[in-house]
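**Q** Provide a 3D model corresponding to the input given below.
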Amino acid sequence: MITGMVAMFLTGATAARTPEALRRFEFSRTVMAAPMNLVLYAADPEVASRAAEAAFARARALDAIMSDYDPASELSRLSAAAGGGFVALSDDLWRVLVRSQELSAATEGAFDVTIGPCVALWRRARRSRELPAAEELAAARARCGHRLLVLDVERRSARLDRSGMRLDLGAIAKGYAAQEALFAIEKLGVARALVDMGGDLALGDPPPGARGWRIGVAPLRDGVPSLYLWLSRCAAATSGDVHRFVEIEGRRYSHVLDPRTGVGLTDRSCVTVVAPDAAAADALATAVSVLGPERGLALLDGKAGAAGRVVRVVDGAEEIRESARWKTLPVFVPEEHRARPSGSPSSPVKKGGAAEPKR
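**A** Take a look at the predicted model:
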């Protein structure tokens, strides 16, 4: 996960004096089964509280639409209609599915929200620590495929062409919610704000007097970041298996699945993406994880405003790959890490750029 080091997130709200007669406030709730943290600058507690409640309310409303755990959610109702006709969609679900299908086409299926049947198998595998049976996986894969999700632009409706299909928005919903929460804050006149939705960050104007929000880039191994970015008016997200994985029969499987195989990724990697909005950052981070550094960073170079960094283990050492636009981002390296490679304070590091043809 990416951490915003400008804020030590606390339960409830706290305030500190800053320039421009603005005060800093922090709020925290659990939404979408993840910590949702807000940092914002406002003139008084009442304004800050209204903005925070608007953000939390917007995120909760989106959870009620996009949860695949809640059988009453709009997403679950759509999945339940698989194999039938078109189902009319809310504006939010329509926008998310349109963006998801666009990325599916651009990645030739490396990003795919119809992966739900395979996700269900791997959720069970993480609990039982047993691999899905080959026949079960084959049956699940037969119910997946982004071409089986058909969108009707005129009626803003969707059809799942095969019975037993199940949508999973785990790679885009939190990012979309983070961005929408930021919009809700800004609508109330609070421009200097940060929304952290379980590690998906939506960033407004920077804190007063600062060049940006100081954002820690997640390391491959659990620990304190050795590299930071100054960011504002954009979004950031990280995809990887630092915290969410399962080891079965001596092999490590990420919670991120490759839709083309239905199996969890097995190479150790951590992908950080900066993009114009949080839904894009969230989805692109997953897509790059699946595609790998060569194709993944090429994908980012073709997306306006997108940048990325891939850290993975190769022959026992950490290899760092960066997109062309990543090299233009404002970077901060703490003094204690400046004598060491920025990818890892304690491990061997290979460093290269996305422009190099070989890994």
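**Q** which SSE is the nearest residue to Ala171 once chain neighbours are set aside in?
**A** Closest residue to Ala171 apart from its sequence neighbours, by Cβ to Cβ, 6 or more residues apart in numbering: Thr286 at 3.9 Å. Using the backbone N, CA and C atoms, a C-beta is placed for each residue, glycine as well. If you go by DSSP states H and E, Thr286 is part of helix 278-291.
**Q** which parts of the helix or strand just after that helix are buried?
**A** Moving toward the C-terminus from helix 278-291, the first helix or strand encountered (DSSP H and E) is helix 293-301. By neighbour count with 16 or more other Cβ atoms under 10 Å, helix 293-301 contains the buried residues Pro293, Gly296, Leu297, Leu299, Leu300, Asp301.
**Q** Which of those residues sits closest to Thr107?
**A** The closest of those to Thr107 turns out to be Leu299 (Cβ to Cβ; 6.7 Å).
**Q** separation between that closest one and Arg312?
**A** 16 Å (Cβ to Cβ, to the nearest Å).
**Q** Remind me what the helix holding Thr286 packs against, helices and strands.
**A** Contact partners of helix 278-291 among helices and strands, from 3 or more Cβ pairs under 8 Å, 6 or more residues apart in numbering; DSSP states H and E: helix 91-106, helix 173-187, strand 200-203, strand 234-240, strand 269-275, helix 293-301, strand 307-314.
**Q** now the first one and helix 293-301, what's the angle there?
**A** Here helix 91-106 points in a direction 130 degrees away from that of helix 293-301 (axes from the mean of the first three to the mean of the last three Cα atoms, to 10 degrees).
**Q** same question, the fifth one
**A** On the basis of the same axes, to 10 degrees, strand 269-275 is oriented at 10 degrees to helix 293-301.
**Q** who does strand 269-275 pair up with?
**A** strand 234-240 (antiparallel), strand 307-314 (antiparallel) (DSSP bridges).
**Q** now do the third one
**A** Next to strand 200-203 in the sheet, as set by DSSP bridges, lie strand 193-197 (antiparallel), strand 234-240 (antiparallel).
**Q** To Gly212, which of those lies closest?
**A** strand 234-240 (9.2 Å).
**Q** avg pLDDT for that closest one?
**A** For strand 234-240, the mean pLDDT works out to 93.
**Q** got the angle for it vs helix 173-187?
**A** Using the same axes, to 10 degrees, the direction of strand 234-240 lies 160 degrees away from that of helix 173-187.
**Q** ok, and what's touching strand 234-240?
**A** The contact list for strand 234-240, computed with Cβ atoms under 8 Å, 6 or more residues apart in numbering, reads 1-2, 171, 175, 178-179, 199-203, 215, 217-218, 220, 229, 254, 256, 269-282, 284-286, 288-289, 305.
**Q** for the chain, longest helix please?
**A** helix 45-66 (DSSP state H).
**Q** What sits closest to the residue nearest the centre of the chain if chain neighbours are left out?
**A** Centroid-nearest residue in the chain: Asp282, 2.8 Å away (criterion: Cα atoms, centre = their mean). Excluding its sequence neighbours, the residue lying closest to Asp282 (Cβ to Cβ, 6+ apart) is Gly175, at 2.6 Å.
**Q** Give the residue spans of the protein that score low on pLDDT.
**A** When residues are selected by pLDDT under 70, those of the chain lie in 1-20, 222-223, 242-243, 337-359.
**Q** how about the helices in the stretch 101-250 of the chain?
**A** In chain order, the stretch 101-250 of the chain shows helices spanning 116-128, 134-141, 173-187, with DSSP state H, counting those that start in this stretch as the criterion.
**Q** Take those and lay them out in a markdown table including distance to Phe27.
**A** Shown next, in a markdown table, are the helices of the stretch 101-250 of the chain (distance: least, Cβ to Cβ, whole Å):
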| stretch | distance to Phe27 |
| --- | --- |
| helix 116-128 | 30 |
| helix 134-141 | 39 |
| helix 173-187 | 10 |
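**Q** With distance to Gly109 and mean neighbour count as added columns, please give these in JSON lines.
**A** What follows is the helices of the stretch 101-250 of the chain, written out as JSON lines (distance: least, Cβ to Cβ, whole Å; neighbours: other Cβ atoms under 10 Å):
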{"stretch": "helix 116-128", "distance to Gly109": "13", "mean neighbour count": "18"}
{"stretch": "helix 134-141", "distance to Gly109": "11", "mean neighbour count": "14"}
{"stretch": "helix 173-187", "distance to Gly109": "19", "mean neighbour count": "25"}
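**Q** out of those, nearest to Arg23?
**A** Closest of the helices of the stretch 101-250 of the chain to Arg23 is helix 173-187, at 15.0 Å (criterion: Cβ to Cβ).
**Q** what's that closest one packed up against?
**A** strand 34-42, helix 45-66, helix 91-106, strand 193-197, strand 200-203, strand 234-240, helix 278-291.
**Q** right, and those - which one's nearest Arg143?
**A** Among the helices and strands packed on helix 173-187, the nearest to Arg143 by Cβ to Cβ is helix 91-106 (15.7 Å).
**Q** buried set for the closest one?
**A** Across helix 91-106, burial judged by 16+ other Cβ under 10 Å covers Asp92, Leu93, Trp94, Val96, Leu97, Arg99, Ser100, Gln101, Leu103, Ser104.
**Q** ok, the fourth one touching Ala171?
**A** I take that to be Val96. No - with contacts counted by Cβ atoms under 8 Å, Val96 stays clear of Ala171, the gap being 10.6 Å.
**Q** can you pull the contacts of the closest residue to Ala72 other than its chain neighbours?
**A** Spatial nearest neighbour of Ala72, excluding adjacent residues (Cβ to Cβ, 6+ apart): Ala64 at 7.9 Å. Residues in contact with Ala64 (Cβ under 8 Å, 6+ apart) are Asp70, Ala72, Ser73, Glu74.
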